[in-house]
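**Q** A predicted structure for the sequence below; I have some questions about it.
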Amino acid sequence: VTDPTPAPTLYDQLAYRTLAKPQTHPDRLATIALLHGMTPRPVDRCRVLELGCGDGSNLVPMAYGLPDSEFVGVDLAGTAVAAGTAAIEALGLRNVTLHHRDIMDLPATLGTFDYIVAHGLYSWVPDAVRDRILAIFHAHLAPHGVAYASYNTYPGCHLRQAVWQVLKFHVHGVDDPTERVAQARALARFLADCPQVDGVDGAALASEMRAVLDHSPGLLFHDDLASINVPVYFHQFVAHAHRHALQFLAEANLHEMQTRAYPPAVDAQLQALADGSVVQREQYLDFVANRRFRQTLLCHEDVVLDRSLEPDVVGRLYVSSGVRPIAEHPDVASPTVVEEFRSPRGGTMSTDYPAAKAVLVHLGRVWPREIRFDALLDEVGVKEAEATAKLRDILLAAYTAGFVELSTLAPHFVLEPGVRPLASPVARLQTQSGAFVTTLRHTSVSIEDDLGRRLLRLLDGTRTREELLEEMRRLVPNPSELTPDGFERTLTQLARFRLLVA
Ligand SMILES: C[S@@+](CC[C@H](N)C(=O)[O-])C[C@H]1O[C@@H](n2cnc3c(N)ncnc32)[C@H](O)[C@@H]1O
């Protein structure tokens, strides 16, 4: 690719913090495609394109974790691309390149990709660029490829639009990005804190203003105060995709398509309103939830999808879950005692089926390990065909409800720090620029304390645990407070965050 250098943009003036997004990882896209009867390209040998990749914070960890796959990013902001390219060089990665380029000038020679991602782009660009995103999906997506786009949606964004208009009215004429953010934040604070008085209907907007106060400067500037921020109804997005011969596959968070949290009557009414159309059902669900943001997967229109979700696929996948039984000593063996399990995200599920109870207890115990379905059955001692089939159904239902994770591969992390512990080089590099680091499962964790970040940086595989403890003791004012036990606990915690490699 030859770079006709685009002019500096607002993203060069005020950076936007890009984090790794597990919902965009090719593994997530492949898992959902498989469950819908597609034959996506194996993730460890695929090509991935990210449009509006920023500084590559999403793409670079993917490239590190999948060394035999190829990753290409494109972004208009030169500063972000330069930072990302420096990181790629520092890490010595040869399977990822970032291009400082307008997606309007994307060369056809880039070829086809098995997965294409555009997060935070569709709603925030002019009409022609919005259309080009979908044109690129169509032109560059492999026949069984999966594309991801996130966008703001109605009806939820009507209220957000009120916030944007109020804040933009207030900062009208203020050009300096830092000043715009400061003044917008000051007004949001004032409106959030205004007491509500009888007969005045200000509570909803005040609550939105409180939410704005939690936004990072980059989000406030590039989302709330953006000159272009175009929400669409879901049906409009799908119609737009259809004009580019693309169809709705699913949401990247499959559990967001579920109605389990509502009484059954809500689901029945949605079915009636949908009249057999998944798009209609999703649209009415957005009305129910007053939805404001979507992360939608698309594929080519000629792909025949099996929306019944095939449980047999679970047999080819890895399973993991941080669920915990609520009871201290759950009765796994009894076929009549119902046990309740809580997911890390807060929901609960219950079952009296002994094999399911055994599987959930086991998964929680070995979390965050990923285990192939057949190995999982071996580990809990399930052999019978009937129980195996039933467990496939239950785990699929638990996946769509957000209780377990399914994946096409297991990332290479270790849970036991070795003699000379080694942390992911991506995470080690990231500690130099902030608290957020990317785990080997492509999630972000914030290592808040400086000492934790320093330890992570030292874990380059050259130091024994004793040497590490010595070095850490030199860094703290009161070395005796850093006990070998405390040090081991911190190491174990980093391993449980999925930050250590073999
Ligand atoms: C809101 S940020 C999202 C960045 C990243 N995808 C994320 O989710 O964190 C939008 C990004 O799209 C880039 N962008 C906007 N218009 C573009 C265009 N026409 N071509 C390439 N990149 C563009 C911006 O420079 C910016 O980095």
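**A** Done, it's in.
**Q** separation between Glu340 and Ser320?
**A** Using CB to CB, to the nearest Å, we find Glu340 at a distance of 20 Å from Ser320. C-beta coordinates here come from the backbone N, C-alpha and C atoms, glycine included.
**Q** those two: which has the busier surroundings?
**A** Ranked by neighbour count (other CB atoms under 10 Å), Glu340 and Ser320 place Ser320 first, with 20 against 13.
**Q** in the protein, which strand is the longest?
**A** Ranked by residue count and defined by DSSP state E, the top strand of the chain is strand 141-152.
**Q** tally of neighbours for Glu448?
**A** 8.
**Q** how about the residues of this structure that lie near the ligand?
**A** 9, 11, 16, 18, 52-54, 74-77, 80, 102-104, 119-121, 124-125, 129, 222 (CB under 6 Å from any ligand atom).
**Q** give me that answer again for 8 Å
**A** 6, 9, 11, 16-19, 21, 50-55, 57-58, 74-77, 80, 101-104, 117-121, 124-125, 129, 132, 150, 222-223 (CB under 8 Å from any ligand atom).
**Q** which residue would be the closest one in this protein to the ligand?
**A** As assessed by CB to the nearest ligand atom, the ligand sits closest to Gly52 within the chain, at 2.8 Å.
**Q** list the contacts of stretch 420-431.
**A** With contact meaning CB atoms under 8 Å, 6 or more residues apart in numbering, stretch 420-431 is reached by 57, 60-61, 64, 87, 90-91, 413, 436-440, 447, 453-454, 456-457, 459-465, 468, 491, 494, 499-502.
**Q** how far away from the center of its chain is stretch 183-190?
**A** 29 Å (CA atoms, centre = their mean, to the nearest Å).
**Q** so for that stretch, mean pLDDT?
**A** Mean per-residue pLDDT for stretch 183-190: 97.
**Q** now swap in stretch 5-19 and tell me
**A** In the prediction, stretch 5-19 has an average pLDDT of 85.
**Q** just stretch 65-77 next, same as before
**A** Averaged across stretch 65-77, pLDDT comes to 97.
**Q** do stretch 280-292 as well
**A** For stretch 280-292, the per-residue pLDDT averages 97.
**Q** ok, and what's touching stretch 247-261?
**A** 23-24, 28-29, 32-33, 35-36, 38, 146, 148, 238, 241, 266-267, 270, 278-279, 282, 285, 294-301, 303, 305, 347, 399-402.
**Q** 7 Å - rerun?
**A** Outside stretch 247-261, the residues that touch it by CB atoms under 7 Å, 6 or more residues apart in numbering are 23-24, 28, 32-33, 36, 146, 148, 238, 241, 266-267, 270, 278-279, 282, 285, 294-299, 301, 305, 399-402.
**Q** so how do I select the buried members of those in PyMOL?
**A** Per 16 or more other CB atoms under 10 Å, the buried members of the contacts of stretch 247-261 correspond to this PyMOL selection:
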select buried, resi 23+24+28+32+33+36+146+148+238+241+270+278+279+282+285+294+295+296+297+298+299+305+399+400+401+402
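**Q** pretty sure Pro143 sits against His300.
**A** Yes: in this structure, Pro143 is within contact of His300 by CB atoms under 7 Å, at 6.3 Å.
**Q** more neighbours: these two, which one.
**A** His300 (20 against 13).
**Q** give me the beta-bridge partners of the more buried one?
**A** Leu246 (DSSP bridges).
**Q** quick check: it vs Pro107, distance?
**A** Applying CB to CB to His300 and Pro107 gives a distance of 21 Å.
**Q** so how many other residues sit close to Glu466?
**A** Neighbour number of Glu466 under other CB under 10 Å is 11.
**Q** contact partners for it?
**A** Counted by CB under 7 Å, 6+ apart, Glu466 has zero contacts.
**Q** what's the answer for Gly315, then?
**A** Counted by CB under 7 Å, 6+ apart, Gly315 has contacts 373-374, 392.
**Q** can we see that at 10 Å?
**A** Residues near Gly315 by CB atoms under 10 Å, 6 or more residues apart in numbering: 372-374, 377, 388-389, 391-392, 395.
**Q** can you flag which of those belong to helices?
**A** Taking DSSP state H, the ones among those that sit in helices are 373-374, 377, 388-389, 391-392, 395.
**Q** and those, which are buried?
**A** Applying 16+ other CB under 10 Å to the ones in helices among the contacts of Gly315 flags 373, 377, 388, 391-392, 395 as buried.
**Q** relative to Thr178, which of those residues is nearest.
**A** Nearest to Thr178, judged by CB to CB, of those is Leu395 at 48.9 Å.
**Q** skipping its backbone neighbours, what lies nearest Tyr122 in space?
**A** Tyr151 (4.1 Å; CB to CB, 6 or more residues apart in numbering).
**Q** neighbours of that neighbour, how many?
**A** 25.
**Q** does it have beta-bridge partners, and which?
**A** Arg294.
**Q** can you check the pLDDT for it?
**A** On the pLDDT scale, Tyr151 gets 98.
**Q** what's it in contact with, if anything?
**A** 118-124, 130, 133, 157, 230-232, 234, 236-237, 240, 293-296 are the contacts of Tyr151 under CB under 10 Å, 6+ apart.
**Q** again, only this time at 6 Å
**A** 122-123, 294 (CB atoms under 6 Å, 6 or more residues apart in numbering).
**Q** returning to what we had before: chain center to the longest strand of the chain: distance?
**A** 15 Å.
**Q** what's near enough to touch Leu468?
**A** Counted by CB under 6 Å, 6+ apart, Leu468 has contacts Leu458.
**Q** that one sits in which helix or strand?
**A** helix 465-475 (DSSP states H and E).
**Q** buried set for the strand or helix carrying Val426?
**A** Per DSSP H and E, Val426 falls inside helix 425-430. For helix 425-430, a neighbour-count test (16+ other CB under 10 Å) marks 425-430 as buried.
**Q** Serialize those residues to CSV and add fields for pLDDT.
**A** Shown next, in CSV, are the buried residues of helix 425-430 (pLDDT from 0 to 100):
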residue, pLDDT
Pro425, 98
Val426, 98
Ala427, 97
Arg428, 97
Leu429, 97
Gln430, 96
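**Q** now the two most distant members of these.
**A** Those two in these that are separated most widely, counting by CB to CB, are Pro425 and Gln430, at 9.6 Å.
**Q** hmm, who's touching the helix or strand of the chain with the lowest mean pLDDT?
**A** Across the helices and strands of the chain, mean pLDDT, DSSP states H and E gives its lowest value to helix 10-13, namely a mean of 86. With CB under 6 Å, 6+ apart as the test, helix 10-13 has contacts from 77, 79, 177.
**Q** that helix: what's the following helix or strand?
**A** Heading C-terminal from helix 10-13 (DSSP H and E), you reach helix 26-35.
**Q** report all helices and strands that that next one contacts.
**A** strand 405-407 (3 or more CB pairs under 6 Å, 6 or more residues apart in numbering; DSSP states H and E).
**Q** next SSE downstream of the strand it packs on?
**A** Past strand 405-407, the next helix or strand by DSSP H and E is strand 422-423.
**Q** dump the helix holding Leu468 to CSV, keeping only the CA atoms.
**A** C-alpha atoms of helix 465-475 as CSV (Å, rounded to 0.1, in the frame of the first residue of the first chain):
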residue,chain,number,x,y,z
ARG,A,465,11.0,-15.5,41.2
GLU,A,466,13.7,-14.8,43.9
GLU,A,467,15.4,-12.2,41.7
LEU,A,468,12.0,-10.6,40.9
LEU,A,469,11.2,-10.3,44.6
GLU,A,470,14.6,-8.8,45.3
GLU,A,471,14.1,-6.2,42.5
MET,A,472,10.6,-5.4,43.7
ARG,A,473,11.9,-4.9,47.2
ARG,A,474,14.4,-2.3,45.9
LEU,A,475,11.4,-0.4,44.4
